[in-house]
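1. Kindly return the folded structure for what I paste below:
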Amino acid sequence: MTCAGTIAGMMTGLVLASSQPVVIGTEAPFPAYTYVDESGVISGFERDIMDHICQRQALSCTWQLANFDELIPGVMSGRFDIVLGGMAVTDDRRRLVDFTQSYSNSDSEEWYIGRPGSAPPAAALIGVQSGTVHEDHARRMGYDYQSFPTEPQVLSALVAGTVELALGPYSTRLDIQDFVDANGLDFLYSDIIPDDGVAMAVCQGNTDLLDSLNAALDAMRADGTLETLESRWFD
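-> Residues are numbered from 1 along each chain as shown. Next up is the predicted model:
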């Protein structure tokens, strides 16, 4: 497809000029990958990675928040030049966008949380966030599920009893553990949802931007920057 974004429509050779803005779309309730800190600033592992890339490649980068299910459509339509935020690489998504090399591994074991004694996934109404691999999994499995635009809405529905289970990227997050403990919930069931790691996505065919991102990631891996950032956010 032809990219329509702020960068994608530029002539080859001008696409990465520092005067051209790069619009980065993310959803940020997902520590430690991306989250909004107490001062209202987008922070986290991927914010740090992207800041390094923008500096190394002399890109003029701006950030926009959006719901997760808006990210891939947004980069396809040109609303964003890059999207990220714990974005798992899957074959279905590769058909829509181009991914950078992976810079983080994700846990393929994903958990359902709910009240102790809740029915298993095949017999329960499951809450999932729309546009996620969790929604895709529930659909493929033929489960009864309800999609919500944001993760907080999924969790609120679980507490209210609108859904019986919630499926999401919960197992490694302290914020979710605190939520589970505070609301009398538990990690009840798990499923394997495989992917090819976490990466950034750009519009299909935007090879100049994709090559620039990958070159920066290669350099950050070679000089130890990626390892340092991983240690900061995940150790």
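2. Could you list every helix and strand that the helix-or-strand element of the chain with minimal mean pLDDT packs against?
-> Within the chain, judged by mean pLDDT, DSSP states H and E, the helix or strand with the poorest mean is strand 29-30; its value is a mean of 85. On a contact count with 3 or more Cβ pairs under 8 Å, 6 or more residues apart in numbering; DSSP states H and E, strand 29-30 meets helix 151-160. The way it works is simple: take the backbone N, C-alpha and C, and place the C-beta from them, glycine included.
3. which is the next helix or strand following the helix it packs on?
-> strand 165-168 (DSSP states H and E).
4. Show residues contacting stretch 141-152.
-> Residues outside stretch 141-152 that contact it (Cβ atoms under 8 Å, 6 or more residues apart in numbering): 27, 29-30, 67-69, 121-122, 124-130, 135, 138-139, 154, 157, 162-163, 167-168, 191.
5. domains of this structure?
-> 21-105+197-234, 109-192 (automatic domain parsing).
6. Dump these to JSON lines, plus mean neighbour count.
-> Conversion of these to JSON lines gives the following (neighbours: other Cβ atoms under 10 Å):
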{"stretch": "domain 21-105+197-234", "mean neighbour count": "18"}
{"stretch": "domain 109-192", "mean neighbour count": "17"}
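7. So which residues of this structure form helices?
-> Applying DSSP state H to the chain gives helices spanning 45-56, 71-77, 91-94, 133-141, 151-160, 174-182, 207-222, 225-234.
8. can you give me the angle the last one makes with helix 45-56?
-> What separates the directions of helix 225-234 and helix 45-56 is an angle of 150 degrees, with axes from the mean of the first three to the mean of the last three Cα atoms, to 10 degrees.
9. can you check the longest one too?
-> An angle of 110 degrees separates the directions of helix 207-222 and helix 45-56 when computed by the same axes, to 10 degrees.
10. From the chain's centre, how far out is the least confident helix or strand of the chain? Work that out for me.
-> A distance of 9 Å separates the centroid of the chain from that of strand 29-30, by Cα atoms, centre = their mean, to the nearest Å.
11. neighbouring strands for that strand, and are they parallel or not?
-> Here strand 29-30 has these sheet partners by DSSP bridges: strand 34-36 (antiparallel).
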